[in-house]
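Visitor: Build me a structure from this.
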Amino acid sequence: MQKLGILFLGGAKRVSLAERFFKAGKKLGLETKVFSYELDKKVPFSVVGDVIIGKLWNDESIYDDMISIIDKKNISIVLANVDPATVVLAKLNEKFSELGLITSSTHACKIFLDKQKMNEHCVNEGIKTIPLSNDDYPILIKPRRGSASKGIYIIKDKIYQDYILSQIDINKYVAQKYINGIEYTVDAYVSRNGNFIGAVPRIRTSVTSGESTTATIINDDEIIEQTKLILAKFNLIGPLTLQFIRSENGLFFLELNPRFGGGVIASIEAGFNIPNIMLKDFLGEKIKPQKKYKQLIMTRYYREVFHAVDN
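Guide: Here you go, the predicted structure:
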């Protein structure tokens, strides 16, 4: 049986995703082993794989550190699981092109890491996004490089706006018209040769710390077509997560993360088996585009992991 190592970058809580890679590997005749690159050993991932203590994402020595780990652990696939790691993964692949990692370019990852840059590029490409605004109330102020719904303010009048602006560095934030509507997340995959494999929209019915705790898989042709359009315009590769919002004024693109989303398990269970697709992509097997999925509702529960105090 062929052995294959997978390195998660910041995979701390991605236990279910790692387990899905085990199942996908077994079906393909692969003996899969998983690792996660972390700053702390005491993360839930330790119940399914080895936790490797690494460096900060902005440490320039991180690339030499990672290539050493990849060589020692026989790593074939590297996955970004947090936003800063998407750029690290892309740079790693460009610095060591012989790795042939499945990732988008550094240029593309940097665009979507910065919401101001993303908005500017989308406007240039004719993609419908929420207009930037600082005086058309209500407005929404959010970090340019934020994630997990942290640091977001909904401003309804100038008094509150002046107060918030006195507390933050506005250069690190973007302000845009606040739109009330239904938010959608899309899990998508584009093969390393640029073929669109599929996309599954889901409604995030309940969200905790920026991640879906209850999600409903839906069929929505408009969202899927917009997803295909956006992925093609930016030449994105691998597992991807997009967000949209639909209001009475139509469908707006919110943001994109060139990585697995926290609620991707819902799409995998619905039949869009991205771990299986990604392993086939790595092996060079032909992958057929997918269009049909089960409609289902995912709910989540907490599970405990214990670590020895003296270890």
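
Visitor: burial count for residue 154?
Guide: For residue 154, the neighbour count with other Cβ atoms under 10 Å is 14. Just so you know, the C-beta spots here come from the backbone N, C-alpha and C atoms, and that holds for glycine as well.

Visitor: Let me see the residues that make contact with the helix or strand hosting residue 140.
Guide: Assigned by DSSP states H and E, residue 140 belongs to strand 139-143. Taking contacts as Cβ atoms under 8 Å, 6 or more residues apart in numbering, the residues outside strand 139-143 that touch it are 115, 133, 150-155, 161, 164, 168, 172-178.

Visitor: just checking, next helix/strand downstream of that strand?
Guide: Once the chain leaves strand 139-143, the next helix or strand it forms, by DSSP H and E, is strand 153-155.

Visitor: related to what we said a few turns ago, just the buried residues of the contacts of strand 139-143.
Guide: Neighbour counting with 16 or more other Cβ atoms under 10 Å marks 115, 153, 155, 161, 173-178 as buried within the contacts of strand 139-143.

Visitor: Next step: those restricted to strands.
Guide: 153, 155, 173-177 (DSSP state E).

Visitor: which of these sit farthest apart?
Guide: 173 and 177 (14.6 Å; Cβ to Cβ).

Visitor: As a check, name the ranges of all helices in the protein.
Guide: In the chain, the helices defined using DSSP state H lie at 15-27, 62-73, 83-95, 106-113, 115-125, 158-167, 221-233, 264-269, 274-283.

Visitor: Mind putting those into TSV with distance to residue 239 and mean pLDDT?
Guide: Output for the helices of the chain, formatted as TSV (distance: least, Cβ to Cβ, whole Å; pLDDT from 0 to 100):
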stretch	distance to residue 239	mean pLDDT
helix 15-27	10	97
helix 62-73	19	97
helix 83-95	11	97
helix 106-113	13	96
helix 115-125	18	93
helix 158-167	35	91
helix 221-233	11	97
helix 264-269	7	96
helix 274-283	5	97
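
Visitor: Deepest-packed of those helices, please.
Guide: Among these, judged by mean count of other Cβ atoms under 10 Å, the one packed with the most neighbours on average is helix 264-269 (a mean of 23).

Visitor: quick check, distance from that helix to the centre of its chain.
Guide: Counting by Cα atoms, centre = their mean, to the nearest Å, helix 264-269 is centred 13 Å from the centre of its parent chain.

Visitor: Export that helix to CSV, keeping only CA atoms.
Guide: What follows is helix 264-269, C-alpha atoms only, in CSV (Å, rounded to 0.1, in the frame of the first residue of the first chain):
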residue,chain,number,x,y,z
VAL,A,264,-16.9,21.8,4.5
ILE,A,265,-17.9,18.5,6.2
ALA,A,266,-21.5,19.3,5.2
SER,A,267,-20.6,19.4,1.5
ILE,A,268,-18.5,16.3,1.8
GLU,A,269,-21.3,14.4,3.4
